[in-house]
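1. no sequence for this one, just the structure:
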């Protein structure tokens with residue numbers, strides 16, 4: 001069995017490149033979801049999967065290419081690509097695309113000697129499957145993180161959460177609806193600088209079997 005990424009774009013100056021192990025992990029994860037639960041997660045189980053990933057490409061970048069967002073965002077696109085291909089080969093067995101972004105939010109501030117920084121990831125909706133709807137407000141696939149409780153955030157940082165809710169109707173319509181995303185609204189109680197590494201702001205999660213796409217973030 002082969003997974004062929006020849007034709008992928010070349011590595012770029014930004015930090016969305018992947019080292020080969022990240023690309024391989026995303027591919028193996030996708031197939032791991034399809035095998036029986038008792039299958040061991042070891043090299044032998046994945047040996048039949050041959051990867052072709054050109055060196056110097058976005059998915060097999062050469063040093064010193066920046067790769068931070070490749071691990072959290074581009075890896076999600078790899079999962080989507082493999083799932084999309086498998087959906088054609090195995091119709092009726094593969095779920096639609098999930099929110100597909102870790103939504104990495106970093107905030108910080110404070111005076112010299114009292115500086116603080118805070119980092120969290122935001123959930124989204126899971127793609128619907130052939131047997132039922134997708135789950136809402138959940139981390140999926142390569143995001144692999146958990147919710148940060150509001151109480152913990154507000155006790156430790158000069159931040160307040162004004163709203164934290166399910167983004168109703170964002171999951172995509174169909175016989176089985178996609179899971180809805182989240183709305184998380186922050187209020188800064190002091191001067192704050194922030195950065196967001198995210199995706200799926202212009203390209204929506206795709207549906208399957210006639211189902212609609214989910215809403216962009």
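-> Okay, I see it. No experiment lies behind these values; they were computed from the predicted model shown. Numbers count the residues shown, from 1 in each chain.

2. CA only for contacts and neighbour counts going forward, please
-> Will do.

3. Can you list the residue ranges for strands in this protein?
-> Under the criterion DSSP state E, the chain contains strands at 2-4, 50-52, 104-109, 116-121, 159-167, 181-188, 192-197.

4. gap between the closest residue to residue 59 other than its chain neighbours and residue 171?
-> Leaving aside its sequence neighbours, residue 59 sits nearest to residue 18 (CA to CA, 6 or more residues apart in numbering; 4.7 Å). Distance of residue 18 to residue 171, given as CA to CA, to the nearest Å: 28 Å.

5. outside of the helix or strand bottoming out on mean pLDDT in the chain, which residues touch it?
-> Comparing helices and strands within the chain by mean pLDDT, DSSP states H and E singles out helix 43-46 as the least confident, with a mean of 90. Applying CA atoms under 8 Å, 6 or more residues apart in numbering, the contact partners of helix 43-46 are 28, 39.

6. Please point out which parts of it sit buried.
-> For helix 43-46, a neighbour-count test (16 or more other CA atoms under 10 Å) marks residue 46 as buried.

7. coming back round to it: need the strands of the chain in CSV (columns: mean pLDDT and distance to residue 23).
-> Listed next are the strands of the chain as CSV, based on pLDDT from 0 to 100; distance: least, CA to CA, whole Å:
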stretch, mean pLDDT, distance to residue 23
strand 2-4, 94, 11
strand 50-52, 96, 9
strand 104-109, 95, 19
strand 116-121, 94, 21
strand 159-167, 97, 30
strand 181-188, 96, 26
strand 192-197, 95, 19
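
8. so which of those gets nearest residue 82?
-> strand 2-4 (8.1 Å; CA to CA).

9. quick revisit: would you list the strands of the chain in JSON lines and tack on mean neighbour count and distance to residue 81?
-> Listed next are the strands of the chain as JSON lines, based on neighbours: other CA atoms under 10 Å; distance: least, CA to CA, whole Å:
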{"stretch": "strand 2-4", "mean neighbour count": "12", "distance to residue 81": "10"}
{"stretch": "strand 50-52", "mean neighbour count": "14", "distance to residue 81": "14"}
{"stretch": "strand 104-109", "mean neighbour count": "17", "distance to residue 81": "22"}
{"stretch": "strand 116-121", "mean neighbour count": "15", "distance to residue 81": "23"}
{"stretch": "strand 159-167", "mean neighbour count": "14", "distance to residue 81": "26"}
{"stretch": "strand 181-188", "mean neighbour count": "16", "distance to residue 81": "21"}
{"stretch": "strand 192-197", "mean neighbour count": "14", "distance to residue 81": "20"}
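
10. Can you add distance to residue 208 and give those strands back as a markdown table?
-> As requested, these are exported to a markdown table (distance: least, CA to CA, whole Å):
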| stretch | distance to residue 208 |
| --- | --- |
| strand 2-4 | 21 |
| strand 50-52 | 26 |
| strand 104-109 | 27 |
| strand 116-121 | 27 |
| strand 159-167 | 21 |
| strand 181-188 | 18 |
| strand 192-197 | 27 |
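
11. Tell me which stretches of this protein form helices.
-> Along the chain, the stretches classed as helices by DSSP state H are 20-32, 43-46, 68-69, 75-89, 150-156.
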